[in-house]
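# model this:
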Amino acid sequence: MRLTIRSLFLKIFLWFWATVIATGIALILTFLLEPGSVPSRWHATLLDTARYSGAIAVEEAERGGIPAASAYNERIERETRLRACLFDSAGGLIAGSDCGSFQNMVSHVTVSSPSSFSMRYGIARVALMLQGSSGREYVFATELPAGPRAALGINRASIALKWGIALLVSGFICYLLTRYLTAPILLLRTASQQLAAGDLSTRAAAGIERRHDELGDLVRDFNAMASRIEELVSRQRQLISDVSHELRSPLARLYVALDLARERKGDDPAFDRMEKDIGLLNEMIGRLLVVARLDSSAPLVPMASVNLTEIVSQIVRDADFESRERNGNVKLTVHEQFFVQGDAKLLHSAIENLVRNAIAYTDPGTSVDVLLQFERRSNASFARLTVRDYGPGVPESELARIFQPFYRVSDARDRQSGGAGLGLAIAERVIRVHGGTIRAENVTPRGLQVEILLPHLSLNSLDSSLTD
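Sure, this is the predicted structure:
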């Protein structure tokens, strides 16, 4: 791993120490900004504790002199890490070290008050006047743990404050670090979803590409991959379109050659078979051109308000007449008029492909059910069209693939019964162009059902479109 500023490892390492340093600074500030006075409710407890220690210090001073008093104060500092100092009644130092910070409190006691309190860095400070057994007066000053439980050295409020500050500062920095690391990942995820949905022009945000770390490298690689995929797919679509166009001329010549052969040789069943195959090839090329046009990134075809109910009704009438050859029928259930924004010819082609596909695979003597109804989802209204047959259905593992070009289910939908595998692919692309969705599912006890959802035009939208 590269240990440079480009490395995420180094950035996380630096963020960690930034968190530690910022938390430490915040804790130091809590000490510096704490109140300078001791709450009055603590005075009695602090005064009793200081009076007890001070009485011993005065007794040691009168009995053993300055060395004994100094030894006692040093023992207090060693055991509690808190300073203790003994002064005479005039404020002169008798025992203790580093006692200059108590001088103002001692002066206050010697002049006007029997005791004085202050707070420094979270530690309570007490100075009070004491009288020894000899009648001599002394001033004892000491540091004590602040709070009502001073005897145990516990200050819950101070501890809670410091922990709160530490958690707040560290949590905020960790939040910034999380945003810094996850923001490009979320944007990349969105771009990958759009790419998977078919929008080959999508790219991750350009700003992320300028990052000088592994995430920036990942985004640059993703954009390069997306560009390459778009280029390859565009070339494939262009190839299909070009080949389809080029095949039209040889097909036209084949039709002419077939007519000339009939004039010279007369009618022959082989000529009829040739004409049928040429017609199928011509139809396949036409469908390929439709797929290429729908897949291209060219501007969409102009759309207008379309009566979907009328289109479906016409398709069902024609299909019902044709299905009688298989001793079947096509039934339509619809109770109102549905209007959608779209191209009437494309929608007619897509729905006709679905209905004819259902007729081809429903069991002989059964019907194909077509249902057109209103549906509301997430505060949006849709026209819901379902086409259901009573045939063998499609294996569950292959349902998602039946809308791919040239795909046929091997055991039921071969070239003889299912054509070239372009009808459902055209239907899927037409519905997608119209902002709708299409899906297929097996239904019990037998059969396949294809569902289409198309955005439904409200009356207000319909009136405005007609006005325009």
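
# low-confidence ranges in the stretch 51-200 of the chain?
121-122, 146-162 (pLDDT under 70).

# Strands of that one, residue ranges please.
Here the stretch 51-200 of the chain has its strands, by DSSP state E, counting those that start in this stretch, at 84-88, 93-95, 115-120, 123-131, 137-145.

# Looking at those strands, spot the one closest to Ala50.
The closest of the strands of the stretch 51-200 of the chain to Ala50 is strand 123-131. By CB to CB, the value is 4.1 Å. (C-beta placed from N, C-alpha, C; glycine too.)

# Partner strands of that closest one and their direction?
Strand pairing for strand 123-131, determined by DSSP bridges: strand 115-120 (antiparallel), strand 137-145 (antiparallel).

# Output the longest one in PDB, but only the C-alpha positions, please.
When you say that, I think you mean strand 137-145. The C-alpha trace of strand 137-145 is given here as PDB (Å, rounded to 0.1, in the frame of the first residue of the first chain):
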ATOM      1  CA  GLU A 137      -3.400  31.900  64.700                       C
ATOM      2  CA  TYR A 138      -2.500  30.200  61.400                       C
ATOM      3  CA  VAL A 139      -4.000  30.200  57.900                       C
ATOM      4  CA  PHE A 140      -4.300  26.800  56.200                       C
ATOM      5  CA  ALA A 141      -4.800  26.600  52.400                       C
ATOM      6  CA  THR A 142      -5.400  23.400  50.500                       C
ATOM      7  CA  GLU A 143      -6.900  21.900  47.300                       C
ATOM      8  CA  LEU A 144      -9.800  19.500  47.500                       C
ATOM      9  CA  PRO A 145     -11.900  17.500  45.000                       C
END
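
# Report the secondary structure state of Gln337.
coil (DSSP: H, G, I helix; E, B strand; the rest coil).

# I figured it hits Thr309, correct?
Yes: using CB atoms under 8 Å, Gln337 is in contact with Thr309, at 4.9 Å.

# domains of this protein?
Following automatic domain parsing, one gets these domains for the chain: 40-146, 214-290, 304-467.

# How about the contacts made by the residue lying farthest from the centre of the chain?
Distance from the centre of the chain peaks at Ser134, with 80.5 Å (CA atoms, centre = their mean). Shown in contact with Ser134 (CB atoms under 8 Å, 6 or more residues apart in numbering): Glu62.

# With mean neighbour count and distance to Val256 as extra columns, can I get the strands paired with strand 123-131 in TSV?
Formatted as TSV, the strands paired with strand 123-131 follow (neighbours: other CB atoms under 10 Å; distance: least, CB to CB, whole Å):
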stretch	mean neighbour count	distance to Val256
strand 115-120	18	109
strand 137-145	24	110
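
# Minimum distance to Gly436: which of those strands has it?
Closest to Gly436 of the strands paired with strand 123-131, according to CB to CB: strand 115-120, at 72.2 Å.

# can you dump the C-alpha coordinates of the closest one into CSV?
C-alpha atoms of strand 115-120 as CSV (Å, rounded to 0.1, in the frame of the first residue of the first chain):
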residue,chain,number,x,y,z
SER,A,115,-12.5,31.4,55.1
SER,A,116,-12.2,31.8,51.3
PHE,A,117,-13.2,29.5,48.4
SER,A,118,-12.2,29.4,44.8
MET,A,119,-12.2,26.9,41.8
ARG,A,120,-9.3,26.2,39.6
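
# Neighbour count for Gln337 and Thr309, which is higher?
Thr309 (19 against 11; other CB atoms under 10 Å).

# re the thing from before, would you mind giving the strands of the stretch 51-200 of the chain as TSV with distance to Asp318 added?
Output for the strands of the stretch 51-200 of the chain, formatted as TSV (distance: least, CB to CB, whole Å):
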stretch	distance to Asp318
strand 84-88	107
strand 93-95	115
strand 115-120	95
strand 123-131	96
strand 137-145	95
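
# Please enumerate the helices of the stretch 101-250 of the chain.
Taking DSSP state H, counting those that start in this stretch, the helices of the stretch 101-250 of the chain run over residues 103-111, 156-196, 206-209, 214-265.

# do you know how far the nearest residue to Ala22 once chain neighbours are set aside is from Trp17?
Spatial nearest neighbour of Ala22, chain neighbours left out: Val169 (5.4 Å); criterion: CB to CB, 6 or more residues apart in numbering. Val169 sits 14 Å away from Trp17 when distances are taken as CB to CB, to the nearest Å.

# Select, out of the strands paired with strand 123-131, the one closest to Arg235.
Nearest to Arg235 among the strands paired with strand 123-131 is strand 115-120; the distance by CB to CB comes to 78.0 Å.

# is it possible to export the strands paired with strand 123-131 to TSV including distance to Arg228?
Formatted as TSV, these follow (distance: least, CB to CB, whole Å):
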stretch	distance to Arg228
strand 115-120	68
strand 137-145	69
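
# which residues pair with Asp369 across the strands?
The partner residues for Asp369, given DSSP bridges, come to Lys331, Arg388.

# Give the ranges of residues in the stretch 351-468 of the chain that sit below the confidence cut-off.
408-421, 458-468.

# Can you identify each of the helices in it by residue range?
415-418, 423-433, 459-467.

# Who are the packing partners of the longest one?
Where contact means 3 or more CB pairs under 8 Å, 6 or more residues apart in numbering; DSSP states H and E, helix 423-433 is packed against helix 269-295, helix 344-361, strand 437-442.

# now the angle from it to helix 344-361?
Interaxial angle of helix 423-433 relative to helix 344-361 (axes from the mean of the first three to the mean of the last three CA atoms, to 10 degrees): 150 degrees.

# so how far is helix 423-433 off the chain centroid?
Put simply, helix 423-433 sits 30 Å off its chain's centre (CA atoms, centre = their mean, to the nearest Å).

# Could you pull out the buried residues of that helix?
For helix 423-433, the neighbour count (16 or more other CB atoms under 10 Å) marks Gly423, Leu424, Ala425, Ile426, Ala427, Glu428, Arg429, Val430, Ile431, Arg432, Val433 as buried.

# Do you know the pLDDT at Val334?
As predicted, Val334 sits at a pLDDT of 91.

# Next: the one 5 residues further on.
Per-residue confidence at Phe339 stands at 91 (pLDDT).

# Look up how far Leu308 lies from it.
In terms of CB to CB, Phe339 sits 7 Å off from Leu308.

# Compare the two and say which is more crowded by neighbours.
Set Phe339 next to Leu308 and count neighbours by other CB under 10 Å: Leu308 wins out with 24 against 21.

# Closest to the centroid, which residue in the protein?
Most central in the chain (CA atoms, centre = their mean) works out to Leu186, at 5.4 Å.

# Spit out the contact partners of it.
Taking CB under 8 Å, 6+ apart as the definition, Leu186 has no contacts.

# do the same with Ile56
Tyr72.

# for Gln103, same thing?
Going by CB under 8 Å, 6+ apart, Gln103 touches Gly91.
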